[in-house]
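Chemist: Pasting the sequence and the predicted coordinates here, then a few questions.
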Amino acid sequence: MKVAMVASHYPHASYRDEFIARVQQVAEVFRQAPGCLSAECWVSADGEAVVSTVQWESEEARDASFAAVMAAGLDLDHDERESRPREIIQLAAA
């Protein structure tokens with residue numbers, strides 16, 4: 001069953017460009033992982049949110065993608081560069 005994730009991140013304005021680059025790096029590693037169907041970085045129309053969307057063939061592919069990101073040493077942690085907690089929505093194909 002296909003699964004997906006939509007994550008909204010809220011970086012402080014001074015970290016916006018850095019955060020976009022960070023999300024794009026993670027998306028690139030996701031895209032290279034077997035079973036990842038898509039991974040993209042978006043910015044909300046008001047510029048306040050950086051939104052990542054990822055779609056996988058299965059939960060196993062999702063888990064493997066996250067393992068690949070961690071193995072690459074990329075940062076997924078919420079920190080002081082963000083003005084509020086992330087909003088993450090996990091999805092499953094209907």
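Modeler: Received it, and whenever you're ready, just let me know what you need. Numbering: from 1, shown residues only.
Chemist: What strands flank the helix or strand Ser52 falls within, and is each parallel or antiparallel?
Modeler: Taking DSSP states H and E as the definition, Ser52 sits inside strand 50-56. Using DSSP bridges, strand 50-56 pairs in its sheet with strand 3-9 (antiparallel), strand 36-43 (antiparallel).
Chemist: Could you export those as TSV, including distance to Ala67, mean pLDDT and mean neighbour count?
Modeler: No exception for glycine: its C-beta is placed from N, CA and C like everyone else's. TSV is the format used below for the strands paired with strand 50-56 (distance: least, CB to CB, whole Å; pLDDT from 0 to 100; neighbours: other CB atoms under 10 Å):
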stretch	distance to Ala67	mean pLDDT	mean neighbour count
strand 3-9	15	97	18
strand 36-43	12	98	16
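Chemist: ok, residues contacting the strand holding Ser52?
Modeler: 2-11, 16, 19-20, 23, 26-27, 30, 35-44, 62, 65 (CB atoms under 8 Å, 6 or more residues apart in numbering).
Chemist: Following the chain past it, name the next helix or strand.
Modeler: helix 59-71.
Chemist: Packing partners of that following helix?
Modeler: Contacts defined by 3 or more CB pairs under 8 Å, 6 or more residues apart in numbering; DSSP states H and E place helix 59-71 against strand 3-9, helix 16-32, strand 50-56.
Chemist: Report the buried residues of that helix.
Modeler: Neighbour-count burial for helix 59-71, with 16 or more other CB atoms under 10 Å as criterion, is recorded at 61-62, 64-66, 68-69.
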